[in-house]
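Colleague: Based on what follows, work out the 3D shape:
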Amino acid sequence: MANEQRASPFAIALAGVLSLAVAMGIGRFAFTPLLPPMIAAGQLDVVAGGWIAAANYAGYLAGALLAPRLRWSAVRLAAIALALTAVLTAAMAAPLGAWPWAALRFAAGVCSAWAFVATAVWCLGALARSGESRRAGAVYSGVGFGIAAAGLWCLAGAAWQASAPALWLQLALLAAVLLIPVALVLRRLDAPAVAAAPAARQAALPPGTTGLVVCYGMLGFGYILPATFLPVLARSLVDDPRLFGLAWPVFGATAAASTFIAAWALRRATRLQVWAVSNVVMGLGVLLPSVWLNGWTIALSALGVGGTFMIVTLAGVQEMRARSTGDPTPQVARMTAAFAIGQIAGPIASSLLLHVPRFAETGLDLALQAAAASLFITAGWLWLAQRRPAASNQEIHHAR
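Modeller: Residues are numbered from 1 along each chain as shown. Alright, predicted model coming up:
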């Protein structure tokens with residue numbers, strides 16, 4: 001533990017923030033703000049964009065399933081995944097076409113899942129051992145900060161009429177720069193302390209958590225359509241990139257701020273209560289653009305979805321960690337896999353509906369309404385489930 005002690009809790013938390021910012025904000029979601037300029041340049045259409053997004057989500061699922069089976073420590077897994085994320089982002093600048101781009105996005109999804117699972121283990125574990133579990137919410141703000149940073153970068157690039165390939169290369173460079181402090185902290189962590197024994201990684205799913213995994217999967221289905229198509233919907237209303245491009249940075253900034261709200265809420269309510277209420281708010285945000293599309297509903301959708309999906313992520317991962325015994329990697333990976341399955345279903349559903357002549361005009365709206373319904377249903381289940389015996393909020397401070 002001597003090496004780990006040389007990394008302060010602040011440095012560990014900051015490294016976690018930057019790790020998630022690169023893995024999720026750039027590696028995972030950079031395609032969202034870059035889809036409108038790629039469509040405008042004739043490189044893609046909305047249908048192809050949906051399939052490329054689905055390839056990324058499929059990669060996220062594959063990465064989540066592979067993560068607990070790898071014999072690497074969480075530190076090593078994170079380092080490899082983050083380095084590959086920067087490389088794969090740069091490769092998107094090449095004029096390859098839809099299917100090669102889909103393959104690159106699949107690989108990026110694998111790396112995003114590895115980095116997310118690994119960061120949840122090495123960063124939250126190191127903070128718990130140092131008695132600083134209260135910083136967990138700040139760590140998850142990295143996802144929102146990364147989304148906002150990528151969105152603002154693309155917004156500025158669009159204002160300067162930068163091409164999509166140039167923006168991909170710039171985001172790859174940004175990722176590489178942000179990873180420097182992460183690498184410095186990872187070198188100081190004690191790898192054996194965060195590596196799991198092979199036997200521990202075969203632990204069964206803790207009793208009473210199957211419903212949580214299903215609900216977390218519904219989160220993936222519920223939020224992913226606005227998370228993918230908000231800038232495209234905004235562009236359908238106004239062609240000025242300085243205006244429609246704001247939708248994604250607002251989404252990310254709200255997601256970052258929401259993690260601090262989550263820390264406050266989790267001290268006053270159970271994790272399942274917070275999760276249920278967040279699902280209702282998110283469902284309303286998903287539903288609004290499908291029934292009334294204008295600038296206000298786009299903004300409210302960005303606030304409603306962006307302001308809750310990281311709260312649900314934080315509450316869900318903490319709940320599973322608190323219920324786990326031994327190494328939490330397999331349980332976090334299972335939740336991440338369920339989340340990925342939901343994310344795959346969303347873009348595929350919208351793409352299939354858009355291919356049906358009868359629903360060519362309303363396919364995306366119908367998919368958004370189905371996503372909202374799934375969130376409302378799971379909110380009801382979670383609200384009832386929180387009355388059953390479960391791990392208390394304080395148990396997370398003792399979880400590995």
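
Colleague: Can you give me the buried ones in the strand or helix carrying residue 35?
Modeller: Per DSSP states H and E: residue 35 is located in helix 31-40. Buried residues in helix 31-40, counted by 16 or more other C-beta atoms under 10 Å: 31-39. For the C-beta atoms, the positions are set from N, CA and C on the backbone; glycine is no exception.

Colleague: any idea which of those residues is the one closest to residue 117?
Modeller: Residue 117 has its nearest neighbour among the buried residues of helix 31-40 in residue 31, at 20.8 Å by C-beta to C-beta.

Colleague: Enumerate every residue touching that closest one.
Modeller: Taking C-beta atoms under 8 Å, 6 or more residues apart in numbering, we find residue 31 in contact with 49, 52-53, 56, 92, 105, 228.

Colleague: got any ranges where the chain has weak pLDDT?
Modeller: Low-confidence segments of the chain, defined by pLDDT under 70, are located at 1-6, 190-208, 228, 230-232, 234-245, 247, 326-328, 354-363, 387-400.

Colleague: mind checking the longest helix of it?
Modeller: When the chain is parsed with DSSP state H, its longest helix is helix 98-129.

Colleague: The residue nearest to residue 179 when sequence neighbours are not counted is in what secondary structure piece?
Modeller: Leaving aside its chain neighbours, residue 179 sits nearest to residue 82 (5.4 Å; criterion: C-beta to C-beta, 6 or more residues apart in numbering). In the assignment (DSSP H and E), residue 82 maps to helix 74-91.

Colleague: what angle sits between that helix and helix 98-129?
Modeller: Orientation check (axes from the mean of the first three to the mean of the last three C-alpha atoms, to 10 degrees): helix 74-91 against helix 98-129 gives 150 degrees.

Colleague: which helices and strands sit right next to helix 74-91?
Modeller: In terms of contacts (3 or more C-beta pairs under 8 Å, 6 or more residues apart in numbering; DSSP states H and E), helix 74-91 is packed against helix 98-129, helix 164-188, helix 191-194.

Colleague: any idea how far stretch 13-32 is from the chain center?
Modeller: The chain centre lies 8 Å from the centre of stretch 13-32; the measure is C-alpha atoms, centre = their mean, to the nearest Å.

Colleague: Can you give me the buried ones in the helix holding residue 82?
Modeller: Neighbour counts over helix 74-91 (16+ other C-beta under 10 Å) mark 74-86, 88-91 as buried.

Colleague: Now do it: distance to the chain's middle.
Modeller: Distance of helix 74-91 from the chain centroid (C-alpha atoms, centre = their mean) equals 16 Å.

Colleague: and the angle for the one helix or strand residue 224 maps to with helix 31-40?
Modeller: If you go by DSSP H and E, residue 224 is part of helix 210-237. Between the axis of helix 210-237 and that of helix 31-40 there is an angle of 40 degrees, by the same axes, to 10 degrees.

Colleague: doesn't residue 23 make contact with the residue nearest to residue 179?
Modeller: Yes. In terms of C-beta atoms under 8 Å, residue 82 counts as a neighbour of residue 23; the distance is 6.2 Å.

Colleague: Tell me the residues that contact both of the two, please.
Modeller: Shared contacts of residue 82 and residue 23, defined by C-beta under 8 Å, 6+ apart, comprise 111, 115.

Colleague: what separates residue 106 from residue 8, distance-wise?
Modeller: Remark: distance between residue 106 and residue 8 (C-beta to C-beta, to the nearest Å) = 37 Å.
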